[in-house]
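Undergrad: Give me a 3D structure for the following:
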Amino acid sequence: MLAVPEHTIPLHPASQVVVAIPALNEEASIGDVVAGIPRAVASRIIVADGGSSDATAARARNAGAQVIEAGKGYGRACWRATKAAQDAEIMVFMDGDGADDPMSLAALIGPIRSGEYDFVIGSRALGKREPGSIAWHQLAAGLLAGWGMRLLYGVRYTDMCAFRAICRDALLALGMCEMTYGWNIEMQMRAAKAGLRILEIPVDYHCRSGGDSKVAGSLSGSIRAGGRIIATFVRVASEARRLRRMGSLEREPSNAR
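TA: Predicted coordinates for the structure are as follows:
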């Protein structure tokens, strides 16, 4: 559990919850994913299509989702869905491959609706994982990144799971700019740096129900995604160090006469 108290973002009990699903060639799973999201919990579902060459968009619409053209990039899809969800108070992000458990949705948004937290992230490392659902190096990467963020910000993450919920206003204020697979770690780092009240909860994780993984499905995909995550970590961490250094310089007394 991570908690950084200080401020509160008030939410109406009937807060609008919008689920954003970045998708690329997920025709085999996207319909069931959209249909499985409890409508009593989520008021709207946006599938941000990254240029699918299959029937992803059509099946998402048939299942009841709004589909937007997001362009290339995982982070860009998340960002454009966030911008399109102008009526949302809470944004939920999840993948379209069927691995995330929609029954965990209420547990993700509950602490935000109650006003106790601003950002709730699911942890596959802490939850129940179906055999074969996640590779060991993905779990190791999440733990390693969490260790680095704890050194930088004093918060503890165990995963970089895509399944997460956050106050939309808080997200818009973070200054997100990573349009690739570095989006998730950038959000976690900026949320910690901004002092958001953060909670990590265990979530169940299943084997994908269709399509190929863009990250773990191939060596090249893993290397490409890993490179973007590392580059994002270094960039955001460097921003923090640079700001601290500038603050120190401003506090130093001048020797000029």
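
Undergrad: For the stretch 101-250 of the chain, just list every one of the strands.
TA: Along the stretch 101-250 of the chain, counting by DSSP state E, counting those that start in this stretch, strands occupy 119-123, 164-167, 198-202.

Undergrad: Is the nearest residue to Ala85 once chain neighbours are set aside bridged to anything, and to what?
TA: Leaving out its chain neighbours, the residue that sits closest to Ala85 by C-beta to C-beta, 6 or more residues apart in numbering is Val18, at 4.0 Å. (Each C-beta comes from the backbone N, C-alpha and C, glycine too.) Taking DSSP bridges as the rule, Val18 bridges to Arg44, Met91.

Undergrad: Quick one: residues contacting Val18.
TA: Val18 sits next to 42-46, 81, 85, 87-88, 90-92, 168 when contact means C-beta atoms under 8 Å, 6 or more residues apart in numbering.

Undergrad: Just the buried residues of the helix or strand hosting Arg59, please?
TA: In the assignment (DSSP states H and E), Arg59 maps to helix 56-62. Residues 56-57, 59-60 are the ones in helix 56-62 that count as buried (16 or more other C-beta atoms under 10 Å).

Undergrad: likewise stretch 185-195?
TA: For stretch 185-195, using 16+ other C-beta under 10 Å, the buried residues are 185-194.

Undergrad: Please apply the same query to stretch 104-121.
TA: 104-105, 108-113, 117-121.

Undergrad: got it, and stretch 159-171?
TA: So stretch 159-171, judged by 16+ other C-beta under 10 Å, has buried residues 159-168, 170-171.

Undergrad: can you check stretch 141-159 too?
TA: 141-142, 145-146, 148-149, 152-153, 155, 157-159.

Undergrad: Just the closest of those to Ala237, please.
TA: Leu152 (5.8 Å; C-beta to C-beta).

Undergrad: Of the strands of the stretch 101-250 of the chain, which is nearest Asn25?
TA: Nearest of the strands of the stretch 101-250 of the chain to Asn25, taken as C-beta to C-beta: strand 164-167 at 22.8 Å.
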